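Enquirer: Using only what follows, build the 3D model:
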Amino acid sequence: IDQKDTLEDPHASIELFQEPVTVKGVLSPQVVETATSTLVPGCDATTQTEETTQVGTPAREGMFYLSSSSSSTEDISHESEVVESEELPTAPRPFSTCVEIFNSDKAGPCFLSDPEIEFLVEEKYIQAYKLEEALGDPMRGVKIRRGMIGRKLPDEEVLHDLPYQDYNYKMVMGACCENVLGYIPVPIGVSGPLLMDGISYYIPMSTTEGCLVASTNRGCRALTSAGGVKSCVTNDGMSRGPVVRFPSAVRAAEVKNWLEEEEPFAKVKEWFDSTSRYARLTSLKVALAGRLLYIRFKAVTGDAMGMNMLGKGTEKSLVQLNKEFPDMEILSLSGNYCVDKKPSALNWLEGRGKSVVAEASIPGKIISQVLKTSAKALVELNLSKNLVGSAMSGSLGGYNAHSANVVAAIFIACGQDPAQVVASSNCITLMETCGPTGDDLYISCTMPSLEVGTVGGGTILPAQSACLKMMGVEGPDFENSGGHARLFARLICSTVLAGELSLMSALAAGHLVKSHLRHNRSSVSLSLRTVSEQNN
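Expert: Now for the predicted structure:
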C-alpha cells in the first residue's frame, strides 16, 4: 500500500489496513484492536479512537496493528503479515498540501513530518507559541520548538543540557508558561523538623546557594529544642490599585470623599463580591494626586494568592463606578498603588497578602551548644546590623539578615511567584535578652506582606504540589476557607525566623566565611578551573 497515494486525498478512507503496519517513529507498546481503524503515523496507536482496547500481545518496536471491525484478536495475532509503509517525506511538501493534511479530519498533524510542521510555523500558518495546542501533542510541540530555536542559537548543542522529556506539559499549557523549551531541574533540600505551634513540620527549600538549607536546618534544630515557635496571622488581604482621572482635582476630591463614606463602600463591595465565590472586599484606600485618583482595593481571597480575583472584582467595580461618575476616565487597572513586585512603603506599612508574626524564646544553654554564641552577642549584632545598618542604608522593609533567601527558596519549591519575593521578604527581626540571668534570647520576625497561595498558578504542577503536601497545605482548605494559605504563611515566617537565628549566630561567632567555603564552593567548578589553568 502506497501511503503517499493515500495522503494525496485526505478524505480517502484509510480503513484499508487490515494488517500490522510499521511506521518510522511509532512505538506501540501493545497490540491494539480498533473497531474503526485509522492509521496515524507519529501518534500512539493506543490513543487513536475511544474504542481502542489493549490486547496484551506486545508488538515489535516501531509497529502497531490495525484491524477492521470484523477482525478478532486471534486473527490479528496469528494471521497478519507485516506491511512496510513508505516513510514520511524528509523535505516538506507544498504548502497547500501541508495545510490540507493538517486540516483533514481523516489525517491531521500526525500525518505531517516535523519539518513540515516547522514549515507551517515559518509561513505563519501555525503560531509558534500555539504549537502544543495546534498539534494536540504538547511533547511534540516542545520538541519542534527546541529544534527551531536551537538552529538560531550560536551553538545549537547548548539545548542538549536543557531537559524536556518526561514532563507533563498539559499542566503548563494556558497556566504557567508559554513558548516552552523544557524545564530547569533545581535541587530541593529540606529543613526540619520545625516545631511550630505544637506541630512538627518539614520545610522544602529549592536553591542553588550552598549553606542555606544547612544553616536554616540548624536554626530549626535550635528552635525545636527550645520548645518551638509560636505564630499568628495578624492581617489578610490582597490588593489592587487602579488609577482613574477626572476633569479637575476638585472633582477627584469629591469622588474620594464619596468612596470613603460607609454607604458608597457597601455599594462597591456588592459589585466586587459578585465576581467571585471567595473574594470579599474588606477596604478601600484612596489617594489623590492632582486630578488623578488611586483606589486600593483590598480583599480576602480564600487559599488563592488572589491577584486574578482582585483584577476581576476591581474591573467590574470600575465599570459600575464609571456609571455613577461618567466624567471618570479609567487609565489603568494597575496604577502601581497595589503595590505588586516593587519595593513599597505602602506594603511595609499597610500590609499585602498575609501579615504574619513568629516568635520564640531560646535558653542560653541551647544558644551556646547549638549556635555557638551568646544571647548578648546576638542582641548587640542585631541592633548594629539589622536595625542601625539597615537604617543607614535607607533600607525599605529590609530590617533583617536574609529573609529573602528563605522566602525565595520556599517560593520556588512550592510554585509561588518568585517576583513577589520583593514584597514578601519584607521583615523586621527583633532580639532581646531575657530570663532570670539575661542569658536567654527572645527573637521575633514580623512580616507584613507575604503574598502566598496554595491553589492556582505554579501550585498545580505535580512537583510543587508535592512540596505543599509535605507541609499539609496543598490545595484549598474546604473546612476553613483560606486556612491552608494562612498556615503556609506562618510556616514561611517561622522558617525565616530559623534562618535569621542561624545566620546571625554564625556572624556573631565568626563562622560565616568558614561555613560558606565548606558548603558554597563547587569542587567540580574548582577542579575544572584548575585543569583549564594547567592546560593554558
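Enquirer: what about residue 106, neighbour count?
Expert: Residues near residue 106, counting by other C-beta atoms under 10 Å, number 18. Heads up, the C-betas are built off the backbone N, CA and C, glycines and all.
Enquirer: ditto for residue 276
Expert: Using other C-beta under 10 Å, residue 276 has 20 other residues around it.
Enquirer: And it, how far from residue 295?
Expert: Separation of residue 276 from residue 295 (C-beta to C-beta, to the nearest Å): 18 Å.
Enquirer: One more: residue 337?
Expert: From residue 337 to residue 295 the distance is 8 Å (C-beta to C-beta).
Enquirer: where do the contact lists of those two overlap?
Expert: Contact criterion C-beta atoms under 8 Å, 6 or more residues apart in numbering; residues shared by residue 337 and residue 295: 241, 242.
Enquirer: Need the pLDDT of residue 357.
Expert: With respect to pLDDT, residue 357 scores 98.
Enquirer: burial of it, as a residue count?
Expert: The tally of other residues near residue 357 (other C-beta under 10 Å) stands at 19.
Enquirer: Skip the chain neighbours and tell me the closest residue to the residue nearest to the spatial centre of the chain.
Expert: The centre of the chain sits closest to residue 458, judged by C-alpha atoms, centre = their mean, with a distance of 2.8 Å. Taking C-beta to C-beta, 6 or more residues apart in numbering, and ignoring the residues beside it in sequence, residue 458 has residue 415 as its nearest neighbour in space, at 3.0 Å.
Enquirer: Report the contact partners of that neighbour.
Expert: Residues counted as contacts of residue 415 (C-beta under 8 Å, 6+ apart) are 457, 458, 459, 460, 461, 464, 465, 467, 468.
Enquirer: how about residue 167, secondary structure?
Expert: coil (DSSP: H, G, I helix; E, B strand; the rest coil).
Enquirer: need the contact list for it.
Expert: Residue 167 touches 139, 182, 183, counting by C-beta under 8 Å, 6+ apart.
Enquirer: Please verify my assumption that residue 299 contacts residue 280.
Expert: Yes - with contact defined as C-beta atoms under 8 Å, residue 299 reaches residue 280; the gap is 5.7 Å.
Enquirer: More neighbours: which of the two?
Expert: Shown here are residue 299 and residue 280; by other C-beta under 10 Å, residue 299 has more neighbours (24 against 17).
Enquirer: where does that one land in three-state SS?
Expert: Secondary structure for residue 299, judged by three-state DSSP, is strand.
Enquirer: Next up, the contacts around it.
Expert: Per C-beta under 8 Å, 6+ apart, neighbours of residue 299: 237, 238, 239, 272, 279, 280, 281, 282, 306, 309, 310, 313.
Enquirer: change it to 6 Å
Expert: Contact analysis of residue 299 by C-beta atoms under 6 Å, 6 or more residues apart in numbering lists 279, 280, 281, 282.
Enquirer: got the buried residues for the host helix or strand of residue 102?
Expert: Assessed by DSSP states H and E, residue 102 sits inside helix 95-103. Using 16 or more other C-beta atoms under 10 Å as the test for burial, helix 95-103 gives 98, 100, 101, 102.
Enquirer: How about stretch 256-263?
Expert: Neighbour-count burial for stretch 256-263 [16+ other C-beta under 10 Å]: 256, 259.
Enquirer: how about the CA coordinates for that stretch, as CSV?
Expert: Presented in CSV, the C-alpha positions along stretch 256-263 are these (Å, rounded to 0.1, in the frame of the first residue of the first chain):
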residue,chain,number,x,y,z
LYS,A,256,-12.6,60.4,47.0
ASN,A,257,-14.8,61.7,49.8
TRP,A,258,-17.7,59.8,48.4
LEU,A,259,-15.8,56.5,48.3
GLU,A,260,-14.7,56.9,51.9
GLU,A,261,-18.3,57.0,53.2
GLU,A,262,-20.0,53.9,54.6
GLU,A,263,-22.9,53.6,52.1
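Enquirer: avg pLDDT for it?
Expert: Averaged over stretch 256-263, pLDDT sits at 97.
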